[in-house]
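> here is my input; please provide its structure:
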Amino acid sequence: MESLNRQSFFKDIQSRELNGFRVRKRPYYMGNDSQDLAPTGSVAVEHDGDLSPPMALSFCKTNKNAHILALTDEGGYIGLYNTRQKFPDSSHYGENAEKAKVSEWVAHDNAIFDICWIKEDTNLLTASGDQSIKVWDTQEKKCIRALMGHTGSVKSISSHPTNQDLVASGSRDGSFALWDTRCSNTYQKLCVSPISTVHQAHLSCGRRRFRRGKAESMSITSVLYLKDEVSIATAGAVDSVIKFWDTRHLKGPVTQACPQSESSAKDKRLHGISSLSQDLNGVFITASCMDHRIYMYNVLQLEMGAIKTFSGGRIESFFVKSVISPDASHILSGSSDGNAYIWQVHKPYMDPITLKSHDGEVTAVDWCPSEMGKVATCSDDFTVRFWDIQSSYSNTRSPSSIRKRVMAMPRMERRKLFVDETSSTKSDAESRTNVVSNIYMSGSSRMHEVGTPESQEKRISFNSEVKENLDKTPEAKMKSPSSVLNPPSSLKRKTIRDYFLIHKSSKMASSSYSNPPCAACKFLRRKCLPSCTFAPYFPPEEPTKFANVHKIFGASNVSKLLNEIPPHQREDAVNSLAYEAEARLKDPVYGCVGAISVLQRQVLHLQKELDATNADLMQYANNDATYSYGVMSNSTLYNGGESNLGSNLPYASPWNNSSSNDSKSM
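Numbers count the residues shown, from 1 in each chain. As a prediction, this is how the structure comes out:
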């Protein structure tokens, strides 16, 4: 396997800005004519002459190593294969496997149900039937972590989209767990315990009694870390419900959705879900349901239910998986009828492309993330097959338009973002310039229909800005190096410095307009007076700034703080509060640091008070004992009785000595 070199973040940004999207659009299929479609290679899964059914497969995620395919089987083996290897037509599957195999090792003593590449393809996660998850160094073939805690076979694993030390897993025991591979056990450094576990996550309340052999009705069949970095989607074998969880509060699911339509309510059978997948941007989620359909969701509109449904394959076991392509244009799925199917997302009503070659149930499938049109399928016929859809449909006419980023210009009407490739660059630039010029030339006549009247001075300044913008077309700006070094502000991560810059710009902008109510007064639903304390620091253009500060600190506390500090320090104080509030809302762990430190100081203070109280109690006890001894001696002498003070007092009594001496002298 080639050495893995990490591609810099700057290179990724540069490639995206200059060349468009990182994942290119795959070819649009023009029909269902798959009679000439054949695999480019086929390998057999065998060890020492013994065949083993493959269980899971996954392409590497980096562009450099995307041709490397990781494969696991029922015997607990991991194999890495080079899918670019050319195979002769007359070669046997076993010979092909030896040629394409890069490395192989035994990872578990049981079947490996799922795998996941992490950390720039240097590590590999494996989920096994031995109830464990292991982290492997693919170069050394060495286990560097073992995640122990499930009481059933681990069916699915998924890593955090940005921090890949965080892992989510689903098990046949009905639970899903969160792991941090950096937190090793105190006694065994190799072992890692879960940081959080949710039991019976998909246990149906009205669950019926199942027949024998259906013990996996509680099983978690698929887990998915969503791209928002805080949510997890889970699916189970008991029903077709997808549950969404907030990893910061795992007491219950945030929301849930059922991919089945209401029309299927007549069918009283409970159909489980075999797999979940998401596209590269995390907007769409697909669910393979045991009713032989694949349902597609929009994560931002879960309340709408399944937005598209794809049918044509046979999903008769939980080993049949489906995967949406990284660009969300196609869906690839295995099938129990021995075929694999590919649907166009934008044409769900059309028949899918059929990949015919396997002799058994097609289970795991995967897209190559960088080589367009390359897919891999595995089957119960003990083989893995590679397909190149791009070359098979090379005669298919490619789309005549490409999607490009266009920088938005002020007061510019919406127009199509698709530019014809066949037209020349010069004529294209001239036509766009003419369109923009016509829009701005006619903008003054249409302005009064949709907006308020403008002053002559503002219109003159606006026209001057238009001339400057026309010097550089949006496409020229997009291809310039400045667009790479200065990406749009919406893509930048806010820092505390941004709050100072935003406040100054908004303050300058608000000076040229009338004084609308500030964001604080608008949020609190009160009249904004000229003497409002919040107005200079919470402009109406930033409603979320005050909302965050009010949620964390409270409006009364902020007002009290502003009145107590000098005026020249108020702006810095407000910006610091806004930055702190946003940080606490985005990361609760960060927000707890201050509270924890306060509690620690309170504990130390209470400990000192407790020690002082204990000392006072000890002193009081000693004084009370001394006082009781004195009272007893006085009462005895007053009554004239004999007293043995020497036996009661811890020291010799002078009265006893004197009385004994007097008696001796007498």
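> next, the buried residues of the helix or strand hosting G94.
Taking DSSP states H and E as the definition, one finds G94 inside helix 93-100. By neighbour count on 16 or more other CB atoms under 10 Å, the buried set for helix 93-100 is Y93, N96, A97, A100. All C-beta spots, glycine's among them, are computed from the backbone N, C-alpha and C.
> right, and the first one touches G41 too?
No. At 9.5 Å, Y93 and G41 do not qualify as touching, with contact defined as CB atoms under 8 Å.
> list the contacts of the nearest residue to V43 once chain neighbours are set aside.
Nearest in space to V43, with sequence neighbours left out and distances taken as CB to CB, 6 or more residues apart in numbering, is A97 at 4.0 Å. By CB atoms under 8 Å, 6 or more residues apart in numbering, the contact list for A97 reads V43, A44, V45, E46, Y81.
> CSV for the residues you listed, including pLDDT?
Putting the contacts of A97 into CSV (pLDDT from 0 to 100) gives the following:
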residue, pLDDT
V43, 92
A44, 91
V45, 92
E46, 90
Y81, 95
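> strands along the stretch 501-650 of the chain, start to end?
Assigned strands in the stretch 501-650 of the chain: none (criterion: DSSP state E, counting those that start in this stretch).
> and the stretch 51-200 of the chain, by the same measure?
54-59, 68-73, 77-82, 101-106, 112-118, 123-128, 132-137, 142-148, 154-159, 166-171, 176-180, 191-192, 196-198.
> now the third one and strand 132-137, what's the angle there?
With axes from the mean of the first three to the mean of the last three CA atoms, to 10 degrees as the basis, strand 77-82 and strand 132-137 are set at 40 degrees to each other.
> and strand 77-82, what does it pack against?
strand 68-73, helix 93-100, strand 101-106, strand 112-118 (3 or more CB pairs under 8 Å, 6 or more residues apart in numbering; DSSP states H and E).
> any idea of the mean pLDDT in the second one?
The one in question is helix 93-100. For helix 93-100, mean pLDDT is 86.
> export it to CSV, keeping only CA atoms.
C-alpha atoms of helix 93-100 as CSV (Å, rounded to 0.1, in the frame of the first residue of the first chain):
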residue,chain,number,x,y,z
TYR,A,93,-11.0,-15.7,-9.3
GLY,A,94,-8.4,-17.1,-6.9
GLU,A,95,-5.6,-16.0,-9.1
ASN,A,96,-7.1,-12.5,-9.4
ALA,A,97,-7.3,-12.3,-5.6
GLU,A,98,-3.6,-13.1,-5.2
LYS,A,99,-2.7,-10.4,-7.8
ALA,A,100,-4.9,-7.7,-6.3
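> quick revisit: top of the contacts of A97 by neighbour count?
V43 (29 neighbours; other CB atoms under 10 Å).
> dump the residue contacts of that one.
Counted by CB under 8 Å, 6+ apart, V43 has contacts Y81, Y93, N96, A97, A100, K101, T383, V384.
> just send those residues back as TSV, with distance to V320 too.
Output for the contacts of V43, formatted as TSV (distance: CB to CB, whole Å):
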residue	distance to V320
Y81	22
Y93	22
N96	24
A97	23
A100	25
K101	26
T383	16
V384	15
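> which of those residues sit farthest apart?
Maximum pairwise distance in the contacts of V43, criterion CB to CB, is 13.8 Å, between K101 and T383.
> which residues touch the nearest residue to D180 once chain neighbours are set aside?
Counting by CB to CB, 6+ apart, I195 is the residue found nearest to D180 once chain neighbours are left out, at 5.4 Å. When contacts are counted by CB under 8 Å, 6+ apart, I195 touches L178, W179, D180, C183.
> in the stretch 51-200 of the chain, what spans have low per-residue confidence?
For the stretch 51-200 of the chain, applying pLDDT under 70 flags the ranges 90, 186-187.
> neighbour count: K101 and T383, which is higher?
T383 (24 against 15).
> I am finished for the moment; much appreciated.
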